[in-house]
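Participant: output the structure for:
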Amino acid sequence: MSDNALSHYLKGLSLSACTSILREILDEPAYQFLLTQLKNGDATLDIRNLIYLKLGGNLFLNKRYRNLVIDSLSEEAIITIIERLIPAGADETLRESIRERHPYELLKHYTEHGSIDDEAIFKLFDLPLSLLPKEAASYNISGTKRLAGGYSLRPYQIKCCQDIWALKKRGEKRALLHLPTGAGKTRTAINFVAEFLRENPEKLVIWLANTVELCDQASNEFEKAWPLLGNSKVSRYAYYGGSNLSLSGLNPGLLVAGLQRLNRALNSNKTELLLHLRELKEKVGLVVFDEAHMAIAPTYRDIVDTLTQEDSSPEHNETFVLGLSATPGRRIKKEDELKDEENAKLSEFFHHNKINMQVRGYSSPLEYLQDEGYLAMPHYEILDYERPSDLQTTFSEMVHGDNSYSKFYKLLSADDNRNQAIIKAIATEISAAKKRDSESFIQIIVFACTVDHARKLELLLALMGISCRSIDGQTESSERSRIIEAYRNGEIQVLLNYSVLTAGFDAPNTSIALITRPTNSLVQYVQMAGRAMRGPKSGGSAECKIYTVNDEIPEFQNMFKAFNYWDENWQQTAADPSL
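Facilitator: Here you go, the predicted structure:
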């Protein structure tokens with residue numbers, strides 16, 4: 001809790017006043033969990049910090065909460081506040097008259113008066129105006145934005161672009177760009193898009209991505225790049241989230257389309273969407289598929305095939321498809337499988353063409369990126385805890401016949417020993433950083449097992465006085481954007497999430513990722529670990545830590561796999577930055 005006037009007011013609130021406020025601002029499960037913690041009598045719990053984090057300046061803008069604060073103040077403090085209302089040079093009899101009235105009721109009456117605004121209330125209580133809640137921006141996505149036409153690339157990114165062009169010019173129709181998380185897939189692809197539009201000014205490029213965050217990332221990157229790389233005015237179209245764009249009548253430029261939005265349109269009016277897609281395919285010259293491991297899902301495969309005229313003769317099929325991925329496969333092959341059918345299908349979808357990095361003198365691209373300072377050097381930590389002896393049996397019983405881990409994740413999220421190990425690891429890292437440097441401020445991302453798990457961990461950390469927030473798929477988009485921006489700005493130290501920040505999220509100051517959710521998906525693990533791996537040249541740290549909770553469940557395989565795990569399915573085209 002920051003040391004300002006607001007925190008001093010909070011310190012004066014009684015326990016009953018605090019719990020009555022928390023009863024209103026927490027959901028029922030969180031409030032019951034809080035009561036349990038309080039009943040245990042832990043003197044270190046900081047419930048006032050929890051109020052500070054949840055309400056901030058809103059504490060004084062809510063009539064009931066403000067009156068609870070007023071009631072907690074001494075009469076001397078109340079009179080000091082009221083005297084701020086008296087004009088300079090006023091007659092002393094006026095001051096005496098005010099003091100003789102009931103000061104508590106007088107202050108309450110004044111702050112409830114309709115003509116007083118939020119800023120005046122803050123000035124009256126000597127609160128910093130920086131704590132005034134910012135107006136929540138409505139999350140409107142512009143459907144169309146006109147852009148006027150450096151944007152530097154790293155050596156290996158330049159070579160990747162050259163290799164993509166080489167494939168295209170020799171008649172290949174599809175390829176996948178494989179770069180590690182943090183190596184700049186989006187920037188490399190946007191450069192290729194800009195070059196394509198310069199050479200094909202009459203064409204439309206479609207960028208497909210699964211989440212709003214990924215779509216925003218592509219839109220923002222293109223808006224930065226085109227004024228520097230472009231040679232004409234083009235349109236950037238957004239067909240994702242809540243944009244009001246129609247797919248009819250689009251001009252040349254870049255269309256960023258959300259797969260979820262397309263899927264909704266497909267379910268609500270399939271005929272209309274297919275008509276639009278068939279209209280678009282006459283204009284489309286390039287399709288970029290972000291997080292390309294999703295491309296072979298039947299619905300998305302059909303969308304790509306429709307846009308690229310896969311049903312037409314080769315001479316009429318000129319559209320190029322570029323996939324982007326840090327993990328060019330959908331899953332890890334089981335030991336008893338002779339052939340990896342699903343990953344082979346992905347390779348086949350992109351015609352077995354994969355462009356990646358092979359650097360002279362390095363056995364892995366990751367080593368090169370770390371040595372050059374683009375990626376942080378990761379230190380992997382196994383987080384052990386006192387596990388129930390029957391955990392494996394419980395896992396087998398819960399998952400058997402259901403093919404779902406949701407019940408098991410819920411069980412793990414309720415394990416007190418496990419949660420305490422997670423909390424202890426976070427607190428230890430923060431404390432160790434401060435001992436090394438009192439000004440040190442590390443930032444940590446936590447990937448929780450469930451929505452409730454993220455919220456429970458948030459509560460526990462807040463009660464310890466740690467600045468933290470949690471977000472999940474249920475968090476309103478404007479609130480989610482506000483919290484993420486606060487984290488990027490260093491106002492929040494620990495950001496907890498469930499299934500939100502695995503892709504399309506960039507916060508280079510993150511130096512620790514704590515993965516509490518077991519996974520046997522290498523795709524998912526690489527995405528989570530990558531959030532902490534931005535190096536000094538990418539605005540991050542030289543080193544980072546990746547914590548993984550050890551539940552000792554064989555089904556969740558060791559995820560520390562090499563960059564080239566899926567190479568057997570692909571033909572390699574290597575981009576060597578030393579060339």
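Participant: hmm, who's touching the top helix by length along the chain?
Facilitator: Identified as the longest helix of the chain according to DSSP state H is helix 416-436. The set of residues external to helix 416-436 that reach it, using CB atoms under 8 Å, 6 or more residues apart in numbering, is 381, 383-387, 412-413, 440-442, 444, 446, 456-457, 460-461, 464, 466, 493-494, 512, 514, 516, 545, 547, 549. From N, CA and C alone the C-beta is placed, and that goes for glycine too.
Participant: next SSE downstream of that helix?
Facilitator: For helix 416-436, the following helix or strand on the C-terminal side (DSSP states H and E) is strand 443-447.
Participant: avg pLDDT for the helix or strand hosting residue 393?
Facilitator: Taking DSSP H and E as the criterion, residue 393 maps to helix 391-399. Here helix 391-399 scores 69 as its mean pLDDT.
Participant: swap in stretch 492-507?
Facilitator: pLDDT averaged over stretch 492-507 gives 85.
Participant: repeat that for stretch 290-309.
Facilitator: 87.
Participant: now do that stretch: distance to the chain's middle.
Facilitator: Mean C-alpha position of stretch 290-309 versus that of the full chain (CA atoms, centre = their mean, to the nearest Å) differs by 24 Å.
Participant: tell me which residues of it come out buried.
Facilitator: 290-296, 300, 303-304, 306-309 (16 or more other CB atoms under 10 Å).
Participant: turn those residues into JSON lines, columns for secondary structure and distance to residue 232.
Facilitator: Formatted as JSON lines, the buried residues of stretch 290-309 follow (DSSP: H, G, I helix; E, B strand; the rest coil; distance: CB to CB, whole Å):
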{"residue": "290", "secondary structure": "coil", "distance to residue 232": "25"}
{"residue": "291", "secondary structure": "coil", "distance to residue 232": "30"}
{"residue": "292", "secondary structure": "helix", "distance to residue 232": "29"}
{"residue": "293", "secondary structure": "helix", "distance to residue 232": "34"}
{"residue": "294", "secondary structure": "helix", "distance to residue 232": "33"}
{"residue": "295", "secondary structure": "coil", "distance to residue 232": "30"}
{"residue": "296", "secondary structure": "coil", "distance to residue 232": "36"}
{"residue": "300", "secondary structure": "helix", "distance to residue 232": "31"}
{"residue": "303", "secondary structure": "helix", "distance to residue 232": "28"}
{"residue": "304", "secondary structure": "helix", "distance to residue 232": "27"}
{"residue": "306", "secondary structure": "helix", "distance to residue 232": "28"}
{"residue": "307", "secondary structure": "helix", "distance to residue 232": "23"}
{"residue": "308", "secondary structure": "coil", "distance to residue 232": "25"}
{"residue": "309", "secondary structure": "coil", "distance to residue 232": "26"}
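Participant: as CSV, these with distance to residue 505 would be great.
Facilitator: Below are the buried residues of stretch 290-309 laid out as CSV (distance: CB to CB, whole Å):
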residue, distance to residue 505
290, 13
291, 13
292, 18
293, 18
294, 17
295, 21
296, 25
300, 22
303, 25
304, 25
306, 30
307, 27
308, 29
309, 34
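Participant: which one of those is nearest to residue 49?
Facilitator: Nearest to residue 49, judged by CB to CB, of these is residue 291 at 37.3 Å.
Participant: distance of the closest one relative to residue 352?
Facilitator: 19 Å (CB to CB, to the nearest Å).
Participant: kindly report the same for residue 284.
Facilitator: Counting by CB to CB - residue 284 and residue 352 are separated by 23 Å.
Participant: who has more neighbours, these two?
Facilitator: Remark: of residue 284 and residue 352, residue 284 carries more neighbours, 22 against 17, as counted by other CB atoms under 10 Å.
Participant: for the more buried one, list each beta-bridge partner.
Facilitator: residue 204 (DSSP bridges).
Participant: list the contacts of it.
Facilitator: Counting by CB under 8 Å, 6+ apart, residue 284 has contacts 203, 204, 205, 206, 307, 308, 319.
Participant: looking at these, spot the one nearest residue 176.
Facilitator: residue 308 (14.7 Å).
Participant: now that closest one: phi and psi?
Facilitator: phi -100, psi 10 (degrees, to the nearest 10).
Participant: tell me the contacts of it?
Facilitator: Contacts of residue 308 (CB under 8 Å, 6+ apart): 173, 281, 284, 287, 317, 319, 321.
Participant: just residue 455 next, same as before
Facilitator: Taking CB under 8 Å, 6+ apart as the test, what residue 455 contacts is 27, 29, 30, 470, 472, 496.
Participant: per-residue pLDDT, residue 422?
Facilitator: Model confidence at residue 422 (pLDDT) stands at 97.
Participant: could you measure it against residue 461, distance?
Facilitator: 9 Å.
Participant: more neighbours, the two?
Facilitator: A direct count of neighbours by other CB under 10 Å for residue 422 and residue 461 places residue 461 higher, at 27 against 24.
Participant: looks like the more buried one contacts residue 470 (just checking).
Facilitator: No. Between residue 461 and residue 470 there is no contact under CB atoms under 8 Å: 9.2 Å.
Participant: on that earlier part again, tell me the least confident of the contacts of residue 308?
Facilitator: Ranked by pLDDT, those bottom out at residue 317 (67).
Participant: and residue 495, its phi and psi?
Facilitator: phi -110, psi 110.
Participant: how about the contacts made by residue 18?
Facilitator: Counting by CB under 8 Å, 6+ apart, residue 18 has contacts 47, 48, 51.
Participant: kindly report the same for residue 320.
Facilitator: Contacts of residue 320 by CB under 8 Å, 6+ apart are 168, 172, 173, 174, 175, 285, 286, 287.
Participant: apply 10 Å and report the result again.
Facilitator: 164-165, 167-168, 172-175, 192, 196, 205, 284-288, 308 (CB atoms under 10 Å, 6 or more residues apart in numbering).
Participant: per-residue pLDDT, it?
Facilitator: The model's pLDDT for residue 320 equals 95.
Participant: centroid-nearest residue for the chain?
Facilitator: residue 501 (3.1 Å; CA atoms, centre = their mean).
Participant: in a helix, that one, correct?
Facilitator: No. Assigned with DSSP: H, G, I helix; E, B strand; the rest coil, residue 501 falls outside any helix and is coil.
Participant: if I look at it, how far off is residue 470?
Facilitator: From residue 501 across to residue 470, the span is 11 Å (CB to CB).
Participant: of the buried residues of stretch 290-309, closest to residue 35?
Facilitator: Closest to residue 35, out of all of the buried residues of stretch 290-309 and judged by CB to CB, is residue 291, at 41.7 Å.
Participant: was I right to think that closest one contacts residue 213?
Facilitator: No. Checked against CB atoms under 10 Å, the pair residue 291 and residue 213 is beyond contact range at 11.0 Å.
Participant: residues touching residue 484, list them.
Facilitator: So residue 484 contacts 213, 469, 471, 475, 492, 495, 497, 500, 501, 505, 506, 507 (CB under 10 Å, 6+ apart).
Participant: isn't residue 394 up against residue 407?
Facilitator: Yes. Counting by CB under 10 Å, residue 394 does reach residue 407; the two are 9.4 Å apart.
Participant: all helices for the stretch 401-550 of the chain, in order.
Facilitator: Assignment of helices within the stretch 401-550 of the chain using DSSP state H, counting those that start in this stretch yields the ranges 406-413, 416-436, 451-463, 477-488, 522-530.
Participant: off-centre distance for the third one?
Facilitator: Taking CA atoms, centre = their mean, the mean C-alpha location of helix 451-463 is offset from the chain mean by 17 Å.
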